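Student: have a look; sequence and predicted model below, questions after that.
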Amino acid sequence: MTLQKVAPTNLGIPLRTRRAISIIFGSLADPHRKNPEWLDRRFESLLEYVEVPAEQRDVLRLIARQTPDPLRVEVPDPKVGALILSILMGHALSEGLYDPRERTALRYIGNRLGVDWKQVICMEGRLAGDLRKFPMSQKSAVNKNDPSRNLKIVLVALAVGAATLATSGVAAPAIGGAIGTYFMGLSGAAATNAGLALLGGGALAEGGFGMAGGTYLIMAVSGAGGVGVGGRKMARRTDSLKEFAFERLGGTGIPAFIGVSGFLSQRTELVRDWSAMLGANPHADHFALRWESEHLMRLSSALASLTGHAAWRTAVKAFAKRATRAGAALLEWPHIILQLASLIDNPWHVARNRAEDAGALLGKLLADRVQGRRPVTLVGFSLGARVIVHALEELADRGDAGVVENVLLLGGAVSIDHERAGKLATVVSGRMINGFGTADYVLRFLYRATELLERPVGLGPVEGFENVDLTDLVNGHLSYRSALREIFEHIGLAGI
C-alpha cells in the first residue's frame, strides 16, 4: 500500500507556538544524536508540516542544534504539554507510518515536558480503538485521495485524546477554552468556542470530518486491512524451515510486541508462555512467533531428561556451593554428566541452526512491514534470543532502522561481542536489554565445548547492552518464561 504524503497544516496554531514546537522536537528528539540524519530529515519535515515560513527556518535550525532547555519554552498549562505531544504524534503519523525512532523521541520529549507516558499510550490506544469501530465496508470506502482531510482527523483525534487525559474528565468547555487560549491566542468565549470547534464536539464518533480518511492512515500504521498479518497465521517456508507463523495473542494499541520462544513442552504452550507479556503491556498488539515447534519440543524433552537426572541435580548442588556470583571460572563437569550429552547435543545443534534461519526470515518480514509500519518490541528467551539477534542483523544489513523499538534477550543462547552489539544498535531506537542469570547451568552445559571461544549473553553482562542480573528472579534456564511478568516489572518494560 502506497500512501501520499499528508499535506502540511497549522490547524490555526499561532506561528510562535509552531516555532516553539519545532525547536522542542529538533533539540530533544535525539538527545544522544544516535540518528542525526534521521533527525535532520524529520526536523525539516516538521517545519513543512506546521508551515513555518522558509525565511525563518535557518534560525530555528541553529537554535534546535544548541539543545535549549525546553522549560524556557512557555507552556502555561500542564494540558499543553500533552497537546504538544499530540501535534508531534500527528506529524509522526502524517506519512502513514509510526517509526520507532519517532516514538522514542516522543518519550524523551514527554519526559522533559513532564508528560506522563501513560497519556501517550492512551492516545495510541484511542487511535487503534477508532480503527476497530469501523466495519470493513467503511474501511474499504476510505478516501485515499484526500490526505489533508485525513491529517485533520488524525490530529483532531489526538487532540481529543490528549485533552481528555490531561484533564482527567474536565468538562468539554474547559478543554476547549484551554486549547483556544494556548494554541489560538484567544480568550474568553471566543477561546472556548474555537477550541470546541477544533475538537469537533463529538463529530469523531459520528464519522464527522471524514473519519474514514483518518482510519486509513491508522490502518497502514497498524497493519490492518491487508497490510500486515493481523490476527491470522502467516505460515512461511524456506529450504530449511517447515514452520513459521505469527499467532496473535490480543491487546489494543498501535505498537507491536513479538515474543519468541526458545523451547516448547507442547504446542499449546506458546500462547501460555507469552500471556504475561500481554498482561504487562495491554495497550499494545501482541504476537507470538511459532517457529519449528517440532524441533523446539524435542529440545525441551531433552532438557527435561537432562535436568531430571539425579546426577545432574547432584552436580548442580555441588556447583552452587562453590560458585561465585560472578561465575567466571569454567565448570568441570563430572564424567557421568558428560555421558548424558548425547541426550541433548543433537536436538540442541539442530534447533540452534534453525534459529538462525528463522531469525533471517523474521528480519526480512519485519523489513517488509508485515507487522505494519509501527514500532516493534522483540522479546525472546533461550534460542528465541538467537532468532532475534539474527533478525536484527538482517535489518542492519538492509540499513533498516525504522522497525524495532526495544529488544529484550532473556537467558540468551547467543554470543555478542562489542562489534556485533554496535551493529545491532544501529537498528534499535530504544532499549537493548540483556537479562542474564549467573546460575544458568543448562546454558553453561550447552556451551561447554565452546566456552573458551564464546560466551552466551545469558550468563553475564554484554558490552553495548543494558544488562540486568535476574539471578534472584529465575532459578535456571527453564524458568525465564514463568517469571516474565516479574521480569517486565523489574526492568521497566511494563506499560511502555
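Tutor: Structure received.
Student: assign residue 377 to helix, strand or coil.
Tutor: What DSSP: H, G, I helix; E, B strand; the rest coil gives for residue 377 is strand.
Student: for it, give the beta-bridge partners.
Tutor: residue 257, residue 406 (DSSP bridges).
Student: which residues touch stretch 351-360?
Tutor: 238, 240-241, 244, 262-263, 289, 291-292, 295-296, 298-299, 383-384, 386-391, 393-394, 413 (C-beta atoms under 8 Å, 6 or more residues apart in numbering). All C-beta spots, glycine's among them, are computed from the backbone N, C-alpha and C.
Student: which ones among the residues you listed lie within helices?
Tutor: Cross-referencing the contacts of stretch 351-360 against helices under DSSP state H gives 295-296, 298-299, 383-384, 386-391, 393-394.
Student: ok, and the most crowded of the residues you listed?
Tutor: residue 384 (33 neighbours; other C-beta atoms under 10 Å).
Student: I'd assumed residue 261 was in contact with that residue.
Tutor: Yes: applying C-beta atoms under 8 Å as the test, residue 384 and residue 261 come out as touching, 5.2 Å apart.
Student: ok, back up a step: any chance of JSON lines for the ones in helices among the contacts of stretch 351-360, columns pLDDT?
Tutor: Output for those, formatted as JSON lines (pLDDT from 0 to 100):
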{"residue": "295", "pLDDT": "89"}
{"residue": "296", "pLDDT": "89"}
{"residue": "298", "pLDDT": "88"}
{"residue": "299", "pLDDT": "87"}
{"residue": "383", "pLDDT": "94"}
{"residue": "384", "pLDDT": "95"}
{"residue": "386", "pLDDT": "96"}
{"residue": "387", "pLDDT": "97"}
{"residue": "388", "pLDDT": "98"}
{"residue": "389", "pLDDT": "98"}
{"residue": "390", "pLDDT": "97"}
{"residue": "391", "pLDDT": "97"}
{"residue": "393", "pLDDT": "97"}
{"residue": "394", "pLDDT": "97"}
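Student: which one of the residues you listed is nearest residue 479?
Tutor: Looking at the ones in helices among the contacts of stretch 351-360 and their distance to residue 479, the nearest is residue 384, at 14.6 Å (C-beta to C-beta).
Student: ok, and the closest non-adjacent residue to the closest one?
Tutor: Leaving out its chain neighbours, the residue that sits closest to residue 384 by C-beta to C-beta, 6 or more residues apart in numbering is residue 260, at 3.5 Å.
Student: residues of the lengthiest helix in the chain that come out buried?
Tutor: Taking DSSP H as the criterion, the chain has its longest helix at helix 345-367. The neighbour-count check on helix 345-367 (16 or more other C-beta atoms under 10 Å) flags 347-348, 351-352, 354-367 as buried.
Student: so what's the residue nearest to residue 384 up against?
Tutor: Applying C-beta under 8 Å, 6+ apart, we find residue 260 in contact with 288-289, 291, 362, 378-381, 384-385, 387-388.
Student: pick the one among those residues closest to residue 119.
Tutor: For those, the nearest to residue 119 is residue 379 (24.4 Å; C-beta to C-beta).
Student: secondary structure class for the nearest residue to the closest one once chain neighbours are set aside?
Tutor: Spatial nearest neighbour of residue 379, chain neighbours left out: residue 408 (4.5 Å); criterion: C-beta to C-beta, 6+ apart. Using three-state DSSP, the structure places residue 408 in strand.
Student: before we move on, what about residue 433?
Tutor: Reduced to three states by three-state DSSP, residue 433 is strand.
Student: neighbours of it, how many?
Tutor: Residues lying near residue 433 (other C-beta under 10 Å) number 19.
Student: what residues are up against the residue nearest to residue 411 when sequence neighbours are not counted?
Tutor: Closest residue to residue 411 apart from its sequence neighbours, by C-beta to C-beta, 6+ apart: residue 458 at 3.9 Å. Contacts for residue 458 were tallied using C-beta under 8 Å, 6+ apart; they are 382, 385, 409-413, 436-437, 440, 443, 477.
Student: closest to residue 429 out of those?
Tutor: The closest of the contacts of residue 458 to residue 429 turns out to be residue 409 (C-beta to C-beta; 16.7 Å).
Student: list the contacts of the closest one.
Tutor: Per C-beta under 8 Å, 6+ apart, neighbours of residue 409: 380-381, 385, 388-389, 433-435, 457-458, 465.
Student: and which of those is nearest residue 342?
Tutor: Of all the contacts of residue 409, residue 342 sits closest to residue 458, with 23.2 Å by C-beta to C-beta.
Student: look up how far residue 387 lies from the closest one.
Tutor: Residue 458 is 14 Å from residue 387, where distance means C-beta to C-beta, to the nearest Å.
Student: can you check residue 422 too?
Tutor: Between residue 422 and residue 387 the distance is 20 Å, computed by C-beta to C-beta.
Student: what's the separation between residue 123 and residue 88?
Tutor: 11 Å.
Student: same deal with residue 100?
Tutor: The gap separating residue 100 from residue 88 is 15 Å, by C-beta to C-beta.
Student: likewise for residue 434?
Tutor: As for residue 434, its distance to residue 88 is 31 Å (criterion: C-beta to C-beta).
Student: what's the local residue count around the nearest residue to residue 434 once chain neighbours are set aside?
Tutor: Distance criterion C-beta to C-beta, 6+ apart; nearest residue to residue 434, sequence neighbours excluded, is residue 465 at 4.1 Å. Taking other C-beta under 10 Å as the neighbour definition, residue 465 ends up with a count of 21.
Student: list the contacts for residue 465?
Tutor: 409, 416, 421, 432-434, 457.
Student: and those residues, which is closest to residue 19?
Tutor: Nearest member of those to residue 19, counting by C-beta to C-beta, is residue 432, at 34.8 Å.
Student: quick check: beta-bridge partners of the closest one?
Tutor: Assessed by DSSP bridges, residue 432 has beta-bridge partners residue 407.
Student: ok, it touching residue 407?
Tutor: Yes: using C-beta under 8 Å, residue 432 is in contact with residue 407, at 4.9 Å.
Student: any stretches of the stretch 201-350 of the chain with poor pLDDT?
Tutor: Scanning the stretch 201-350 of the chain with the threshold set as pLDDT under 70 gives 201-239, 266-268, 319-337, 339-340, 343.
Student: quick one: the helices in it?
Tutor: In the stretch 201-350 of the chain, the helices defined using DSSP state H, counting those that start in this stretch lie at 211-222, 269-280, 293-308, 310-322, 335-339, 345-367.
Student: for residue 35, find the nearest of those helices.
Tutor: Comparing the helices of the stretch 201-350 of the chain by their distance to residue 35 (C-beta to C-beta), the top pick is helix 345-367, with 17.3 Å.
Student: you'd agree residue 421 is up against residue 467?
Tutor: No: the pair residue 421 / residue 467 is not scored as a contact, 11.0 Å apart, by C-beta under 8 Å.
Student: okay, and the common contacts of those two?
Tutor: Shared contacts of residue 421 and residue 467 (C-beta under 8 Å, 6+ apart): none.
Student: quick revisit: looking at residue 100 and residue 88, which one has more neighbours?
Tutor: Taking residue 100 and residue 88 together and counting by other C-beta under 10 Å, residue 88 has the greater number of neighbours (26 against 22).
Student: pretty sure that one sits against residue 103.
Tutor: No: in this structure residue 88 lies outside contact range of residue 103 using C-beta under 8 Å: 10.4 Å.
Student: any common contacting residues for the two?
Tutor: Between them, residue 88 and residue 103 share no contacting residue under C-beta under 8 Å, 6+ apart.
Student: next, count neighbours for the residue nearest to residue 395 when sequence neighbours are not counted.
Tutor: Take residue 395 and drop its neighbours on the chain: the residue closest to it by C-beta to C-beta, 6+ apart is residue 427, 4.4 Å away. Residue crowding around residue 427 was assessed by other C-beta under 10 Å; the count is 25.
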